[in-house]
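Chemist: coords please:
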Amino acid sequence: MEERKLLHSFLAKSQEGLPPRRMKDSYIEVLLPLGSQPALREKYLTFQNTIRFGRILEDLDSLGVLICYMHNKIPSANMSPLSIVTALVDKIDMCKSSLSPEQDIKFSGHVSWVGKTSMEVKMQMFQAGICKSTRP
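Modeler: Below is the predicted model of the structure:
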C-alpha cells in the first residue's frame with residue numbers, strides 16, 4: 001500500500017507538466033500465433049473447432065489497456081500511478097468470413113484521442129486471406 005501512495009508523486013501537477021504525445025508513440029502490433037502454436041490454439045477453440053470470439057474480445061480489451069498504459073508511460077516510474085479500465089466499446093466492424101483457427105491473427109492499435117479523464121483507442125484485427133486490412 002505504501003508503494004501505491006508513492007506513485008502519486010509521479011502524476012503531473014497540471015496539463016503543462018505532461019509531455020506531448022503522438023499517435024505513433026502508443027502504436028503496437030501483436031501477433032496471436034494460432035497457426036504456429038497448436039497448444040495455444042487449443043485455448044481459443046470451441047467444441048465445434050471454431051474460434052472462441054469471447055476470448056478474442058478479452059485479448060482486444062487487454063490490448064486496449066496496454067495501449068493506454070504505453071501512451072501514459074512515465075519513464076522514471078517502474079509502475080504506473082494510473083488505473084485504466086475499459087468504459088465502453090463504441091463499435092465492432094466485422095467482415096462476413098469467420099476467423100480461421102489455422103492462421104495467426106495480428107492485432108494493432110493506438111490512442112486516437114485524449115481528454116482530461118478519458119482516451120479513445122482504435123484497434124484492428126487482421127488475419128491473412130480473411131478480410132482486407134484497412135488502416136486507420
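Chemist: where do the strands sit along the chain?
Modeler: 28-32, 105-114, 119-126 (DSSP state E).
Chemist: what would these look like in CSV with distance to residue 62 and mean pLDDT?
Modeler: C-beta: built from backbone N, CA, C; applies to glycine. CSV is the format used below for the strands of the chain (distance: least, CB to CB, whole Å; pLDDT from 0 to 100):
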stretch, distance to residue 62, mean pLDDT
strand 28-32, 10, 97
strand 105-114, 10, 96
strand 119-126, 11, 95
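Chemist: Select, out of the ones you listed, the one closest to residue 94.
Modeler: strand 119-126 (8.9 Å; CB to CB).
Chemist: Which elements pack onto the closest one?
Modeler: Applying 3 or more CB pairs under 8 Å, 6 or more residues apart in numbering; DSSP states H and E, one finds that strand 119-126 contacts helix 53-71, strand 105-114.
Chemist: From the rest of the structure, what touches the last one?
Modeler: Just to be clear, that refers to strand 105-114. With contact meaning CB atoms under 8 Å, 6 or more residues apart in numbering, strand 105-114 is reached by 21, 23-24, 26-32, 34, 56, 59-60, 63-64, 67-68, 71, 99, 119-127, 136.
Chemist: tell me the most buried of the helices and strands packed on strand 119-126?
Modeler: A comparison of the helices and strands packed on strand 119-126 by mean neighbour count, using mean count of other CB atoms under 10 Å, puts strand 105-114 on top with a mean of 18.
Chemist: what pairs with it, and is each one parallel or antiparallel?
Modeler: strand 28-32 (antiparallel), strand 119-126 (antiparallel) (DSSP bridges).
Chemist: Ok, which of those comes nearest residue 9?
Modeler: Using CB to CB, the strands paired with strand 105-114 put strand 119-126 closest to residue 9, at 22.5 Å.
Chemist: Show me what counts as buried in that closest one.
Modeler: Using 16 or more other CB atoms under 10 Å as the test for burial, strand 119-126 gives 119, 121, 123-126.
Chemist: what angle sits between that strand and helix 53-71?
Modeler: For strand 119-126 against helix 53-71, the angle by axes from the mean of the first three to the mean of the last three CA atoms, to 10 degrees is 130 degrees.
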